[in-house]
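**Q** Sharing a sequence plus its predicted fold:
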Amino acid sequence: MSTIFTKIINREIPSEILYETDKVISIIDIMPIHYGHALIIPKKEYRNFLEVPEAELGELMIVTQKVAKSLVKTFNLDGFNFFANNGEVAGQSVFHFHIHVTPRYSNDNISFQLNLKKYSEGQMKEVADKIRANISSQ
């Protein structure tokens with residue numbers, strides 16, 4: 001697979017490393033939403049969130065929280081977003097799973113254009129039942 005993140009992890013190309021453990025690295029995003037926008041990346045290559053082994057999720061979340069706390073302190077933030085794009089349709093452009101943490105400011109003109117739906121009578125339970133059935137089979 002060998003993505004740009006693998007090259008960064010292997011020190012083949014330069015980056016600004018914020019934090020690193022044996023399994024996870026955090027770097028500054030080269031094309032930030034806001035300055036300080038960070039990425040948290042498992043060192044092993046996983047195409048998306050669903051491929052990351054459960055045993056590695058804990059450390060990813062711990063490092064994500066650590067980096068987020070640092071961003072809040074560094075920039076005196078009132079908020080931040082953390083998210084991961086999974087699949088091209090969701091905006092994923094590098095197919096090596098990673099989590100974004102980006103500072104947010106009031107009136108920063110960033111918004112998610114949502115078209116919220118409403119469930120019809122009984123539809124929410126039907127959808128939830130289908131999801132629960134698949135959760136049980138995992």
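**A** Sure thing, it's come through. The structure displayed is predicted, hence computed values, not measured ones. Residues are numbered from 1 along each chain as shown.
**Q** got the contact list for stretch 117-126?
**A** Val127 (Cβ atoms under 8 Å, 6 or more residues apart in numbering). In this view, the C-beta of every residue, glycine as well, is placed from N, C-alpha and C.
**Q** Could you check it and say which residues are buried?
**A** The neighbour-count check on stretch 117-126 (16 or more other Cβ atoms under 10 Å) flags nothing as buried.
**Q** Spatially central residue for the chain, please.
**A** In the chain, the residue lying closest to the centroid (Cα atoms, centre = their mean) is Ile99, at 2.1 Å.
**Q** how about that residue, phi and psi?
**A** phi -110, psi 130 (degrees, to the nearest 10).
**Q** Going by neighbour count, which residues of the strand or helix carrying Thr64 are buried?
**A** Using DSSP states H and E, Thr64 falls within helix 54-75. With burial defined by 16+ other Cβ under 10 Å, the residues of helix 54-75 counted as buried are Glu56, Leu60, Val63, Thr64, Val67, Ala68, Ser70, Leu71.
**Q** going on from that helix, what's the next piece of helix or strand?
**A** Taking DSSP H and E, what comes next after helix 54-75 is strand 79-83.
**Q** Just checking: what are the partner strands of whatever helix or strand comes next after that following strand?
**A** Sequence order places strand 99-104 as the next helix or strand after strand 79-83, per DSSP H and E. Strand 99-104 has its sheet partners listed here by DSSP bridges as strand 38-42 (antiparallel), strand 79-83 (antiparallel).
**Q** how far does whatever helix or strand comes next after strand 99-104 sit from the chain's center?
**A** Of the helices and strands lying after strand 99-104 in sequence (DSSP H and E), the nearest is helix 123-136. Its chain's C-alpha centre and that of helix 123-136 lie 25 Å apart, by Cα atoms, centre = their mean, to the nearest Å.
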